[in-house]
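>>> Provide a 3D model corresponding to the input given below.
(2 chains)
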Amino acid sequence: MTLTADNVRWLKGRAGVMGVRSVSELIDRLVSAARVSGGVGPSRSVVGSIDIDSSDPLLERADEAVRRAFEASLGRPLIVNGPATTDGAGRGAKRRRG
Amino acid sequence: MADPEAAVTDTLAMVFHAAGGGRLGPKAAAVFKPGDRRDANINVPGAGIRECSLLARVARINLRRTVRAFFDDLFSNPCYQPLDLSPDQIYLADELRFNRDPFDALICAAARSIERPLITRDADIRAAGVVPVIW
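Numbers count the residues shown, from 1 in each chain, chains lettered A, B, ... in the order given. Modelled structure (predicted):
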């Protein structure tokens, strides 16, 4: 781990103020505090917590399904709402995205 | 690859892990197991989070809770951390172009961005050789 000189100096100062035995211990405390303040509570395992479609247990067709959904989204017409233009395109005209 | 116990996971590897791990390759399982013991560091790319949400949306997987709740659970273990999608990853993904999958290149770019191997069984990624793979 590499820290800037200013941060090392600050950590040493805080370690003295907080009465910890070392800068390492202070860093450990700071990280623990940051994790707690970030809303991270006790660790929860996700193992065995989801189900895979039994018709495709190895998800060999999953990429294709996602790609279809993705391409369908990209190909969806985009409704453009705006003032009418001289070429006749205007409110409600549909244009392809992308 | 300085730390062999650190890796980036692709979407299906993460899903297989969450489904119980039985579908993982032996080397992939060997990375996830230390992750559960908190001895490894596994990053989940932003593109993988999105792909996982789409898999749930097209009903290929059932997360049994919202996407947010699932990843809140996963990231409650400090060994699993999200890897933010950066502009540099997008530029690199655009340059890779080894297949038409919208997520594969982004996930490879994420692994390359932090110089870690990618846990994947994806044949296209393995064949492309754009990143060291674990399975």
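
>>> relative to A:Pro42, how far out is the closest residue in space to B:Ala47 that isn't next to it in sequence?
Leaving aside its chain neighbours, B:Ala47 sits nearest to B:Leu106 (3.7 Å; criterion: C-beta to C-beta, 6 or more residues apart in numbering or on different chains). (Each C-beta comes from the backbone N, C-alpha and C, glycine too.) Taking C-beta to C-beta, to the nearest Å as the measure, B:Leu106 falls 32 Å from A:Pro42.

>>> re the thing from before, wait, the residue nearest to B:Ala47 touches B:Pro45, no?
Yes. Using C-beta atoms under 8 Å, B:Leu106 is in contact with B:Pro45, at 6.7 Å.

>>> what's the overlap in contacts for these two?
With contacts defined as C-beta atoms under 8 Å, 6 or more residues apart in numbering or on different chains, the residues adjacent to both B:Leu106 and B:Pro45 are B:Leu85, B:Gln89.

>>> more neighbours: which of those two?
Set B:Leu106 next to B:Pro45 and count neighbours by other C-beta atoms under 10 Å in any protein chain shown: B:Pro45 wins out with 28 against 22.

>>> can you give me the buried ones in the least confident helix or strand in chain B by mean pLDDT?
Least confident helix or strand of chain B, by mean pLDDT, DSSP states H and E, is helix B:26-37 with a mean of 87. Judged by neighbour count (16 or more other C-beta atoms under 10 Å in any protein chain shown), helix B:26-37 contains these buried residues: B:Ala28, B:Ala29, B:Val31, B:Phe32, B:Gly35, B:Asp36.

>>> re the thing from before, list the contacts of the residue nearest to B:Ala47.
Counted by C-beta under 8 Å, 6+ apart, B:Leu106 has contacts B:Pro45, B:Gly46, B:Ala47, B:Leu85, B:Gln89, B:Ile90, B:Ala93.
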